[in-house]
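*Asks:* one predicted model, sequence on top.
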Amino acid sequence: MNAITADPALARRSLLASGAGLFVAFATGTARGQTPTAAPGAPPGMAPGAPAGPAPTNLLDPPQVGVDGLLAIGADGRCQVLTSKTEFGQGIRASLAQIAAEELDLPYAMVEVPFPDTDRMPDHGLTAGSLTLQVVGPRVRRAAATARAALARMGAERLGVAPDAVETADGTVRVSAEPARRVPYADLVGGKRFDLPIDPNARVKDPANWRVAGRDIPRPDVLEKVTGGGDFIHNVRLPGMLHARVLHAPRVGAVPAAVDESSIAAIPGARVLRKNNLLAVVAEREWNAVRAARELKVEWSEGKPIPAMAEVYDAARKAPVARADTTVDRGDPAAALPAAARRLEAEYRFGVQTHGTIGPSCAVGQYENGRLTLHSGSQAPFDVRKQVSHILGLPPEAVRVVYHHSSGCFGRNGLEDATAECAALAMELAPRPVRLQWMRHDEHGSEPKGPPVVMALKGGLTPQGRIAVWEAEGWVPHSTMNLVRTTAAEMLGTDDGPPGSGNWHANSNPPYDGIPAARTVMHRITETPFRPSWIRTPGRLQNCFAVESFTDELAAAAGKDPVAFRLEHLSDPRGRAVIEAAAQAAQWDGRASPANTQQGSPVRRGRGAAYIRYDNTRTYVACVMAAEVDTRSGQVRVTDCWLAQDCGQVINPDGVRLQAEGCVIQTVSRTLGEEIRWEGNAITTLDWASYPLLAFPQVPRIEVVVLDRPDQPMWGAGEPAVAVVSAAIGNAVFDATGVRLREVPFTPDRVKAALATG
Amino acid sequence: MTLRFTLNGRAVEAEPADAEMPLLYLLREEPFALNGPRFGCGLAQCGACTVLVDGQAVRSCSVPAQSVEGRGVTTLEGLGTAANPHPLQAAFAAERVAQCGYCTNGMIMQAADLLARNKRPSEAEIREELAANLCRCGTHVRIVRAVARAASTMAG
């Protein structure tokens, strides 16, 4: 679609007409029967068929809009950047504002990025995949550059001088030779439209001349957040608002068989609201709704059986397969494997996890005058609008989704479910607004989960200890991106649109072009015990854990230093640079693992490394972890992390570091202790005591090295650093003990069992 | 059963829904409509709801509103404002702590309790004090730095 329009409403309509919401699987993922093709931007030597990453069209290539679709300059001269991307703490509002301020020659404080509203913003797809800066950043930059050129032309005309006699600075156009002769942007275009297409050739600044971008500018909202304000979804209060709680089934697939409404008769104002299997309680005061949900007597059906925890990986290997993706196919592994001087085999497993959002999912909805307005913390305002309109049979234009800051969701947690449930309740309670908040057990028990992932690998070495051959297959869910079926659709027995295909296969290939024969096949299975969801760094974390742990196994079998071993198989200079930077920061001692010097000590210390190029096409990360293993208790403690990242051109260096620190801490937590557990078909880890997060005393020291590449495209930083963490910790444990951990999380029981069997 | 207490320095009255109603729900509903204390778990496991009762950090999700009869409750809003922030709030901003910011209320309120008892806490003491406060974004390292910064500001 090339239609360029300056009217956001028109843009939105043409965007819908063009099928922008269709789910298109993968730009380059290799499906069965297709010829593998190299991913665009894949490094030289990267295997054909390497997946290019996530893919619903709006995420990677949203429809073009005019300048007015992305920027608005108000009568006060302030600029708003318009996008459907949601800020939930990752810092995109600061970065996008820096890009716009830089190209517009506006002070940073004059630019803001308002929260998305489906009535006003262009659909840039959901906020996921570390794609905001990569995809939206360049668009904002070109829109701002186009706008600045237009302002200069308008200013020259207003000042009565030739177009080349003016310059822009501090939100004004001024005569270069007489800077006092100036006109502010507000006088030229304030409150009005540009009515211009984005000029792909508009002159953008050389990063060497940047004054706002590329700097550690503090985020606009931190002081507000720490003094009690903050436009959190949880803080939305509308006049006359009711409070609701939805009762989620305690077992997978269970439905309410009998409800005893008299059990809450004594609670003032509380009542039951039921629509098919959507069962809720509503009250005027929130506490009464909480009590009613707790006290309502419900008999639930048995639900459907799911595999036992101990069998979940075998079940995945036997599950129906929608398709298989070959993510690397080079040389002849079948012939090379028997010929290898030394052969290894291993299976790696990664457990079921929850997003662990601190603030449970919440939404406020109101149906009035034929229009449903949903206040939502969803990272996908347009997608949730589509789902709600499907569920309720409303035209999409009748649904408006207004975003408010959420508690960090780190993927598709319960926010979309709460929004859709709230929508259904608002239709019943119209015209009164209703606020729905989930309880802790709803979030742990009923949000969709990071699925179990398993990969089986075989490798062979040459007599010189190089990798001769690599052969792997893995099992990952098929349908996660970009819609997860909502709880509301399940409970109401309706449809909420077609599922996407997901990208859990990403980074399942070894990232080393020096392996002459390599083949990885990822089976995309259609059944998992719980709704599978994308959770920070989906697939890449689990797959990198298997791939980079197995690389370490091969290095140990070859008797080589694991860092040197990786470099020996990698030609990409930017990949080598991050590995070398992390090793240097860690003062890496170049020797083979395990350390073999501490046999007498009950607490052993080791270090491990891991590397990834995200999706094989963008951000590079390497890290070194130092860990201590208490061989008596089985406790693993990560003491230090040195992480190097190259995400191309950096807009806000502190933002990149903050994201990297968060990636490390969150993933140390996931690696050491987080696992959703169940008995029968009921999740038993419904609170923080049974699903503990890493606590302050266990948080490691972290050093982040950012390799800035001002002359390169900007890539995301919200997820890539997660991918290397589990593997690096496992490799450190091996270095410390000589024992290989092949199942995340590394709980004390698993560590002790591994130590016992050697 | 009218409840009387001091909220952020002001004498107030309220009507809890029942004897069990946790303080958090009272603080967040009208007329107070406070946003500082936040619901996280309702189980006193995460700390997002922390307020000070007579200067002591308390999980407001798990104490009955009635228990503050005649006492002084301070929330994040009572500690300071954007225009006039408490040294802890200023330090959290200066150290660029927050990502999503949802847990920050509890971190600051718990740290306020700590700094009232211990003017110069060590890094280990800060970590121990916050051991029962959860952060999902992984801002721990900066939170510890911010509390140490606030401690040195307050100690002059």
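*Replies:* Here it is on my side, so go on. Residues are numbered from 1 along each chain as shown, chains lettered A, B, ... in the order given.
*Asks:* just checking, A:Val258 touches A:Glu299?
*Replies:* Small correction: residue A:258 is Ala, not Val. Yes. Using C-beta atoms under 8 Å, A:Ala258 makes contact with A:Glu299 at a distance of 4.2 Å. Quick note: C-beta positions are derived from backbone N, CA and C, even for glycine.
*Asks:* pop the domain breakdown of the chain in here.
*Replies:* As the question left the chain open, I've gone with chain A. A:7-227, A:539-758 (automatic domain parsing).
*Asks:* sorry, should have said chain B
*Replies:* If you go by automatic domain parsing, chain B breaks into B:3-79, B:87-155.
*Asks:* up against chain B, what does the stretch 151-300 of chain A have?
*Replies:* A:218-219, A:221-230, A:232, A:234-235, A:237, A:268, A:285-288, A:290-291 (C-beta under 8 Å from any C-beta of the partner chain).
*Asks:* cool, and the stretch 1-150 of chain A?
*Replies:* So the stretch 1-150 of chain A meets chain B at A:88-91 (C-beta under 8 Å from any C-beta).
*Asks:* and the contacts of the helix or strand where B:Glu13 lies?
*Replies:* When elements are assigned from DSSP states H and E, B:Glu13 belongs to strand B:10-14. Outside strand B:10-14, the residues within contact range by C-beta atoms under 8 Å, 6 or more residues apart in numbering or on different chains are B:2-6, B:26, B:32, B:65.
*Asks:* alpha carbons only: can I get it in CSV?
*Replies:* Provided in CSV are the C-alpha atoms of strand B:10-14 (Å, rounded to 0.1, in the frame of the first residue of the first chain):
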residue,chain,number,x,y,z
ARG,B,10,-4.6,15.6,57.7
ALA,B,11,-7.3,14.3,60.1
VAL,B,12,-9.8,12.2,58.2
GLU,B,13,-12.9,10.0,58.7
ALA,B,14,-13.9,7.0,56.7
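*Asks:* report the buried residues of it.
*Replies:* Buried positions in strand B:10-14, judged by neighbour count with 16 or more other C-beta atoms under 10 Å in any protein chain shown: B:Ala14.
*Asks:* follow-up on the earlier one: go through the residues of the stretch 1-150 of chain A next to chain B and name the one nearest A:Arg519.
*Replies:* A:Gln90 (35.6 Å; C-beta to C-beta).
*Asks:* nearest residue to the closest one other than its sequence neighbours?
*Replies:* Excluding its sequence neighbours, the residue lying closest to A:Gln90 (C-beta to C-beta, 6 or more residues apart in numbering or on different chains) is A:Gly718, at 4.9 Å.
*Asks:* count of residues packed around residue 85?
*Replies:* Using chain A. Neighbourhood size, A:Lys85 [other C-beta atoms under 10 Å in any protein chain shown]: 27.
*Asks:* hmm, no, I was thinking of chain B.
*Replies:* 18.
*Asks:* most tightly packed of the domains of chain A?
*Replies:* Mean neighbours per residue, mean count of other C-beta atoms under 10 Å in any protein chain shown, is largest over those for domain A:539-758, with a mean of 22.
*Asks:* centre of the chain to stretch A:159-176, how far?
*Replies:* Taking C-alpha atoms, centre = their mean, to the nearest Å, one finds stretch A:159-176 lying 43 Å from the centre of the chain it belongs to.
*Asks:* quick check: mean pLDDT of stretch A:95-106?
*Replies:* Averaged across stretch A:95-106, the pLDDT comes to 97.
*Asks:* SS state for B:Asp113?
*Replies:* Under DSSP: H, G, I helix; E, B strand; the rest coil, B:Asp113 falls in the helix class.
*Asks:* just to check, it is in contact with B:Gln56?
*Replies:* Yes. Shown here, B:Asp113 and B:Gln56 form a contact pair, counting by C-beta under 8 Å, at 5.9 Å.
*Asks:* all strands for chain B, in order.
*Replies:* Assigned by DSSP state E, chain B shows strands spanning B:3-7, B:10-14, B:50-53, B:56-59, B:72-74.
*Asks:* which one's more surrounded, B:Asp113 and B:Gln56?
*Replies:* Taking other C-beta under 10 Å, B:Asp113 and B:Gln56 do not tie; B:Asp113 has more neighbours (16 against 12).
*Asks:* measure that one to B:Ala91 for me?
*Replies:* 16 Å (C-beta to C-beta, to the nearest Å).
*Asks:* repeat for A:Gly377
*Replies:* For A:Gly377, the distance to B:Ala91 equals 27 Å [C-beta to C-beta].
*Asks:* what about the two, which has more around it?
*Replies:* Each of A:Gly377 and B:Ala91 has its neighbours counted (other C-beta under 10 Å); A:Gly377 has more, 30 against 26.
*Asks:* how about that one, what does it touch?
*Replies:* Counted by C-beta under 8 Å, 6+ apart, A:Gly377 has contacts A:86, A:88, A:232-233, A:361-363, A:403-407, A:409, A:415, A:419.
*Asks:* how many neighbouring residues does the nearest residue to it once chain neighbours are set aside have?
*Replies:* Closest residue to A:Gly377 apart from its sequence neighbours, by C-beta to C-beta, 6+ apart: A:Ser406 at 3.0 Å. Around A:Ser406 sit 25 other residues, with neighbours defined as other C-beta under 10 Å.
*Asks:* quick check: A:Ser406 touching A:Ile358?
*Replies:* No. Contact criterion C-beta under 8 Å: A:Ser406 and A:Ile358 do not qualify, at 10.3 Å.
*Asks:* now do the shared contacts for these two.
*Replies:* Residues touching both A:Ser406 and A:Ile358 (C-beta under 8 Å, 6+ apart) are B:Cys100.
*Asks:* any chance of the backbone angles for A:Asp61?
*Replies:* phi -150, psi 70 (degrees, to the nearest 10).
*Asks:* for the closest residue to it other than its chain neighbours, what are its contacts?
*Replies:* The shortest distance from A:Asp61 to any non-neighbouring residue, by C-beta to C-beta, 6+ apart, is to A:Val135 (7.5 Å). Applying C-beta under 8 Å, 6+ apart to A:Val135 gives the contacts A:59-62, A:124-125.
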